[in-house]
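Chemist: The amino acid sequence is not available; the structure is as follows:
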Ligand code: HEM
Ligand code: HEM
Ligand code: SF4
Ligand code: SF4
Ligand code: FES
């Protein structure tokens, strides 16, 4: 069942992002107004909903994108060994980027 | 030659992929011009070319009526059965013929389909019974009952003639020879949805694999080219749905075929298993 | 000299994603989905780094944002718009795939009677609806980006 579960997560993350990324793009580009200054983003981040929302968003986007990339790489690399290397490499990349993003979203909240 | 089925309608040029394993390092194209007649299939045309112009041209054929699956090739960019493709219906003056993609070429238009059958056998394309005696019994005493609806659940997929056109068209199979491919995955679903079969757990476990049904991205090229209406894309999405429902613990128990003593009189058989009367229209 | 017989490896590889021959509309969507997905994941890596600057160094954020946002440079504005196009397409086609890959709108197996009706015909309407929705958002994005309807006025 393992592969199927990973794929289902990929789908669920995609479904979540339909709303998260949709609103992200909407507020960044379509809704008018000026871009956010640092002070504004910091002020916004005091409301716990923002860092929480962004944490879910980052996790979903990274997982979804990296699973997609893994699928494409698996078309080219077939041996159990190379697939294991890809799994570790992508999980490592994902974790590093996720921790970095986690810090950016939560540091303003606690500041 | 006995090819006077119709009068020549127009001249058609054939550009045919050629590769001779004994001489060539790279394929090249040969050109032949023939007179196409009404009703001429691409396979007929190839036979005329071989008879009259170039005896070295090679391909595979057997039934010449869309049943054996030997003659699939890429005709004007689309994988199709040569025997089912009408030259005049293609409606082009130059017809390009290439061997199926994604398979190694043995010679000219003959692909090596080993990979197709490797994946096909891997999904166990046969009825599996928990009680193996039932299948080895020399003199069976019971038969399985299937209603017309239960038959329709898999009939479409059982039309597959293993021609390989779908695998040749699938973008994933084109970049990944280890992807099980539309043909094998559709056959896995064909036996899973057969009420006589009890091997679904085994097959679900086989296709739930990084190289299995999850690598299909629903480009539907397989369904687009399948000459038998098998619709592998549909079968694969149902496989995914089944596996997702299973991992959520929401999959319903599969229906099993009822059994009846061999040759039981029809009034002993529950009504829903009796197929509707066939009426054959009389020619007027 | 004896020459060993060799099969010609007629294997399209990555070219097969792009050159499908005479094939169907859904395959074009597959190709676009893959290209946009790859573009997005690589953008996301860079994006997360840049967005992170502000927590560590507000000056750097101001500088980077001043330099790379579309407000400063019409070429970058154009690339930002391409990115938004990719997001819009990937979003709506992705939503379509979520339904179809779970077996919705592909129809039930039926008796194969010629001419065959397949899942391609059955899901086409749904596909067109999703693509029309996506186009509406694309048109909106043109207004927002280039005609002063949005934040880039
Ligand atoms: C060109 C269009 C985009 C612009 C102008 C933009 C702008 C921004 C800004 C200003 C932030 C910080 C917001 C805040 O903290 O209040 C942010 C965060 C974020 N954006 Fe975007 N974004 C764009 C497109 C995207 C896309 C396409 C993705 C997905 C692939 C994405 C994913 C994210 C994520 C995951 C975060 C949170 C990062 C973190 O917490 O470290 N953005 N974006
Ligand atoms: C906006 C909401 C999104 C939805 C609804 C969505 C949906 C999907 C779905 C359903 C798939 C699976 C396609 C398949 O199995 O054929 C997929 C694939 C993929 N997605 Fe997304 N996605 C979204 C956003 C993103 C983002 C933000 C990224 C990048 C960070 C991304 C990267 C990818 C990649 C790389 C693939 C693999 C493509 C392939 O294998 O051909 N997606 N997406
Ligand atoms: S599914 Fe269709 S195209 Fe594929 S091998 Fe079977 S008959 Fe040929
Ligand atoms: S639907 Fe799946 S199996 Fe069929 S051509 Fe597309 S990717 Fe290949
Ligand atoms: S020769 Fe048998 S299918 Fe064409």
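Modeler: Perfect, thanks for sending it. Predicted model, so just to flag it, every value in this text is computed and none were measured. Ligands and ions are numbered 1, 2, ... in the order given.
Chemist: show me what contacts the residue of chain C found nearest ligand 4?
Modeler: Among the residues of chain C, residue C:30 lies closest to ligand 4, at 6.9 Å counting by C-beta to the nearest ligand atom. Using the backbone N, CA and C atoms, a C-beta is placed for each residue, glycine as well. By C-beta atoms under 8 Å, 6 or more residues apart in numbering or on different chains, the residues touching residue C:30 are B:171, B:217, B:218, B:219, C:17.
Chemist: nearest to ligand 2, of these?
Modeler: Distance to ligand 2 across those (C-beta to the nearest ligand atom) is lowest for residue B:217, with 3.1 Å.
Chemist: Now the closest one: phi and psi?
Modeler: Main-chain dihedrals, residue B:217, degrees, to the nearest 10: phi -110, psi 20.
Chemist: thinking it is in contact with residue B:172, fair?
Modeler: Yes. Applying C-beta atoms under 8 Å, one finds residue B:217 in contact with residue B:172, separated by 6.4 Å.
Chemist: between the two, who's got more neighbours?
Modeler: residue B:172 (25 against 21; other C-beta atoms under 10 Å in any protein chain shown).
Chemist: okay, and the helix or strand of chain C with the least pLDDT?
Modeler: Least confident helix or strand, chain C: helix C:58-68 with a mean of 72, by mean pLDDT, DSSP states H and E.
Chemist: does any bit of that one sit next to ligand 1?
Modeler: No. Helix C:58-68 stays clear of ligand 1 (C-beta under 6 Å from any ligand atom), getting no nearer than 7.7 Å.
Chemist: Kindly spell out which helices and strands sit in contact with that helix.
Modeler: Under the contact definition 3 or more C-beta pairs under 8 Å, 6 or more residues apart in numbering or on different chains; DSSP states H and E, helix C:58-68 sits against helix A:38-45, helix C:25-56.
Chemist: okay, the ones you listed, which one's buried deepest?
Modeler: Comparing the helices and strands packed on helix C:58-68 by mean neighbour count (mean count of other C-beta atoms under 10 Å in any protein chain shown), helix C:25-56 comes out on top with a mean of 17.
Chemist: Also compute the angle for that helix relative to helix A:38-45, please.
Modeler: Angle, helix C:25-56 to helix A:38-45, by axes from the mean of the first three to the mean of the last three C-alpha atoms, to 10 degrees: 100 degrees.
Chemist: now helix C:25-56: how far from the chain's centre is it?
Modeler: Mean-position distance between helix C:25-56 and its chain equals 9 Å (C-alpha atoms, centre = their mean, to the nearest Å).
Chemist: I'd like the average pLDDT over that helix.
Modeler: The average pLDDT within helix C:25-56 is 92.
Chemist: and it, anywhere near ligand 2?
Modeler: Yes. Judged by C-beta under 6 Å from any ligand atom, helix C:25-56 and ligand 2 are in contact via C:33, C:34, C:37, C:38, C:40, C:41, C:44.
Chemist: what about the first one, distance to residue B:117?
Modeler: Going back to what we said before, that points to residue C:33. 31 Å (C-beta to C-beta, to the nearest Å).
Chemist: same check, this time on the fourth one
Modeler: From residue C:38 over to residue B:117 the distance is 33 Å, taken as C-beta to C-beta.
Chemist: Need the three-state assignment for residue B:210.
Modeler: Assigned state for residue B:210: coil (three-state reduction, DSSP: H, G, I helix; E, B strand; the rest coil).
Chemist: a strand runs through residue B:11, doesn't it?
Modeler: Yes. Per three-state DSSP, residue B:11 lies within a strand segment.
Chemist: Near it, how many residues? Count them for me, please.
Modeler: Using other C-beta under 10 Å, residue B:11 has 10 other residues around it.
Chemist: Need the contact partners of stretch B:139-155.
Modeler: Here stretch B:139-155 makes contact (C-beta under 8 Å, 6+ apart) with B:134, B:189-191, B:193-196, B:255, B:257-262, B:269-270, B:272-273, B:275-276, C:109-112.
Chemist: just the buried members of these?
Modeler: Listed as buried from these are B:134, B:189-191, B:193-196, B:257-258, B:260, B:273, C:109-110, C:112; burial here means 16 or more other C-beta atoms under 10 Å in any protein chain shown.
Chemist: Next up, the contacts around residue B:100.
Modeler: Taking C-beta under 8 Å, 6+ apart as the contact definition, residue B:100 lies against B:72, B:73, B:74, B:79, B:111, B:164, B:165, B:167, B:168, C:10.
Chemist: ok, these vs residue B:9, which is closest?
Modeler: Nearest to residue B:9 among the contacts of residue B:100: residue B:73, at 22.6 Å, using C-beta to C-beta.
Chemist: Who are the contact partners of the closest one?
Modeler: Neighbour list for residue B:73: B:42, B:59, B:79, B:80, B:82, B:97, B:98, B:99, B:100, B:109 [criterion: C-beta under 8 Å, 6+ apart].
Chemist: Smallest gap between chain B and chain A, at which residue?
Modeler: When scored by C-beta to the nearest C-beta, chain B has residue B:176 as its residue closest to chain A, at 3.7 Å.
Chemist: can you count the residues close to the nearest residue to that residue once chain neighbours are set aside?
Modeler: Nearest residue to residue B:176, sequence neighbours excluded (C-beta to C-beta, 6 or more residues apart in numbering or on different chains): residue A:75, at 3.7 Å. Counted with other C-beta under 10 Å, the neighbours of residue A:75 add up to 21.
Chemist: Pull up the gap between residue A:75 and residue B:137, please.
Modeler: According to C-beta to C-beta, residue A:75 stands 44 Å off from residue B:137.
Chemist: I'd like to know which elements the longest helix along chain A is packed against.
Modeler: In chain A, assigned by DSSP state H, the helix with the most residues is helix A:80-110. Contact partners of helix A:80-110 among helices and strands, from 3+ C-beta pairs under 8 Å, 6+ apart: helix A:38-45, helix A:49-76, helix C:25-56.
Chemist: who touches the first one?
Modeler: The one in question is helix A:38-45. A:36, A:50, A:51, A:105, A:108, A:109, A:111, C:54, C:58, C:61, C:62.
Chemist: The second one - how many residues pack around it?
Modeler: Meaning residue A:50. Residues lying near residue A:50 (other C-beta under 10 Å) number 16.
Chemist: picking up where we left off before, of all the contacts of residue B:100, which two lie farthest apart?
Modeler: Farthest pair in these, by C-beta to C-beta: B:165 and C:10, 14.2 Å.
Chemist: Surely residue B:36 is within a strand?
Modeler: Yes. With three-state DSSP as the criterion, residue B:36 is part of a strand.
Chemist: Any idea which helix or strand in the chain has the lowest mean pLDDT?
Modeler: Just so you know, I chose chain A. Lowest on mean pLDDT, DSSP H and E among the helices and strands of chain A sits helix A:38-45, with a mean of 74.
Chemist: wrong one, I was asking about chain B
Modeler: Checking each helix and strand of chain B against mean pLDDT, DSSP H and E, the one that scores lowest is helix B:133-136, at a mean of 76.
Chemist: which parts of the next helix or strand after that helix are buried?
Modeler: Sequence-wise, the next helix or strand downstream of helix B:133-136 (DSSP states H and E) is strand B:142-145. Within strand B:142-145, the residues scored as buried using 16+ other C-beta under 10 Å are B:143, B:144, B:145.
Chemist: Name the member of these with the shortest distance to ligand 3.
Modeler: For the buried residues of strand B:142-145, the nearest to ligand 3 is residue B:144 (24.5 Å; C-beta to the nearest ligand atom).
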